[in-house]
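1. Build the 3D model from these lines:
(4 chains)
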Protein chains: 2
Amino acid sequence: MTTEIWISQLQDNGYRITSARRAVVDTVYGSTHALTPIEVYDKARKKYRALGLVTVYRTLEKLEELHLIQRVHQPIGCQAFISAGVGHQHLLLCQNCGQVEFFDGDDLDALTKNISRKTGYQIKEHWLQLFGLCINCK
Amino acid sequence: MTTEIWISQLQDNGYRITSARRAVVDTVYGSTHALTPIEVYDKARKKYRALGLVTVYRTLEKLEELHLIQRVHQPIGCQAFISAGVGHQHLLLCQNCGQVEFFDGDDLDALTKNISRKTGYQIKEHWLQLFGLCINCK
DNA sequence: TACTTATTGAAAACGATTTTCAATAACATG
DNA sequence: CATGTTATTGAAAATCGTTTTCAATAAGTA
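-> Predicted coordinates for the structure are as follows:
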C-alpha cells in the first residue's frame, strides 16, 4: 500500500499528475491524524515549496470525490480530512492527541431495524463516531 | 411545554429577556427542522423586524451553552441547530424534507465495550446519527 | 422614576473558502 | 523528441459566514 494507489486513481479518472498533487497526496495518505487544509498546506510545502493553498483545497476536493479521503466531524470543527477506510467503517478519535482509528463493528443492523419500526423511517445511512483516549494518552 | 421554559432558563442564568431573544426562541423552539443562523434570522424577523443577524448568533450561542439547542452535523454542512432532546439522544434525519426526529436506543454499550477491548481506547463519548426517509417522504 | 449595565444593530474586521485569470506544465500526438 | 492542446497552477480578488467593536438603547433594580 503506497501513495501510488491514490496517484493512479487520480490518473485513471482523467486528472493529471503534478508535483503539487503529489505533495498533497504524500501528506494526507497514511496520516494518523485528521488534517485541515491549512495543516496539509504547511506540511506539504515542506515537500514542494511552490505549492499554493488553493491547490490544496482543489486536490482535497478531488480526493474526497474519489472517496480516497473523508471529512472528520468533531466538536471543534468539521474541516479536517483523513484517508478513508476500505469499505464501510467508523471512526474512533483520541480526544487528547487527535489520533484517528477505524473500526467496522457494524452491529447496528438490529438497532436501525428497531428504530425503523418505531419511527416509520426508511433508514438509508448512519454515522457513528466514538471519542475517547488512545492507549498512549489514557 | 412552551417557549416560556427556555425564557425562564435564560432568565435564571442572568440573561435579560428582550424582544430579540423572544423572537429567536419562538423560532427555534419546537421546530422540526434544523435551522441555520440565516434561516433563524429570516423566520424570526417576521416576528420582530428590527432583529439583527448578530443577535441571532449571540442568542443561539447562549441557547447552546444552556444545552437547550444542539448543533446538527450533515453532509451539506454543520451550522444548523435543533432544540436538544432531553437526556442522551440521537438524531434521525430525513434526507428529503430535512425533518429531524429523536431516538434514544442506546444499545451501544456492547458495541463500545467490544471496540474498547479491540483497540485499547478508553471510550468517553459517541455520536450516532441516522439518515433516511420519513413516513411522508418515502 | 431614575440609574446601572447588559443588550442591541450597524459597520468594520476577520478567517476560511471560492472564483478569476494569465502563466505554466502535463501529456497526447505527430 | 518536438509541438500543440488544454488541464492545472499560484496570486490576487471576491465572497461567504462569523466575530468584534462601539455608541445608542432598553431591561431590570433600587
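
2. Tell me if A:G132 really is in a helix.
-> No - A:G132 is assigned strand when assessed by DSSP: H, G, I helix; E, B strand; the rest coil, not a helix.

3. For it, name its beta-bridge partners.
-> Beta-bridge pairing of A:G132 under DSSP bridges involves A:C94, B:I123.

4. could you pull out the helices for chain A?
-> A:4-12, A:19-28, A:37-44, A:53-65, A:108-119 (DSSP state H).

5. for the longest one, what is the average pLDDT?
-> Across helix A:53-65, pLDDT averages out at 98.

6. That helix vs helix A:4-12, what angle?
-> Interaxial angle of helix A:53-65 relative to helix A:4-12 (axes from the mean of the first three to the mean of the last three Cα atoms, to 10 degrees): 90 degrees.

7. hang on, the earlier thing: can you say which of the helices of chain A is packed in most?
-> Highest mean neighbour count among those (mean count of other Cβ atoms under 10 Å in any protein chain shown): helix A:19-28, with a mean of 21. Just so you know, the C-beta spots here come from the backbone N, C-alpha and C atoms, and that holds for glycine as well.

8. For chain A, which residues are neighbours of chain B?
-> Residues of chain A found near chain B (Cβ under 8 Å from any Cβ of the partner chain) are A:73, A:78, A:92, A:94-95, A:101, A:103, A:105, A:107-108, A:110-112, A:114-116, A:118-135, A:138.

9. And the buried ones among those, selectable in ChimeraX?
-> Of these, the buried ones can be selected in ChimeraX as follows, counting by 16 or more other Cβ atoms under 10 Å in any protein chain shown:
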select /A:73,78,92,94,95,101,103,108,111,112,115,119,121,123,126,127,128,129,130,131,132,133,134
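
10. now check stretch A:29-36, is it near DNA strand C?
-> Yes - judged by Cβ under 7 Å from any atom of the strand, stretch A:29-36 comes into contact with DNA strand C at A:T36.

11. end to end, how far does that stretch reach?
-> 13 Å (Cα to Cα, to the nearest Å).

12. Buried residues in that stretch, which are they?
-> Under 16+ other Cβ under 10 Å, the buried positions of stretch A:29-36 are A:29, A:31, A:34-36.

13. would TSV of the residues you listed with distance to B:V56 be doable?
-> As requested, those are exported to TSV (distance: Cβ to Cβ, whole Å):
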residue	distance to B:V56
A:Y29	41
A:S31	37
A:A34	30
A:L35	32
A:T36	27
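
14. what's the farthest-apart pair in these?
-> The most widely separated members of the buried residues of stretch A:29-36 are A:Y29 and A:T36, with 16.2 Å between them, by Cβ to Cβ.

15. How about the residues of chain A by DNA strand D?
-> Near DNA strand D, when you scan chain A using Cβ under 7 Å from any atom of the strand, you find A:14-16, A:18, A:20-21, A:48, A:50-52, A:54-55, A:58-59.

16. Could you identify the most distant pair in these?
-> Spatially, the most separated pair among the residues of chain A next to DNA strand D is A:G14 and A:A50, at 23.8 Å (Cβ to Cβ).

17. Among the two, which residue is more densely surrounded?
-> Applying other Cβ atoms under 10 Å in any protein chain shown to A:G14 and A:A50 shows that A:A50 carries more neighbours, namely 9 against 6.

18. For that one, grab phi and psi.
-> Phi and psi for A:A50, reported as degrees, to the nearest 10, are phi -80, psi -10.

19. Chain B versus that one, what's the distance?
-> A:A50 is 32 Å from chain B, where distance means Cβ to the nearest Cβ, to the nearest Å.

20. mind listing what that residue touches?
-> A:A50 makes contact with A:19-20, according to Cβ atoms under 8 Å, 6 or more residues apart in numbering or on different chains.
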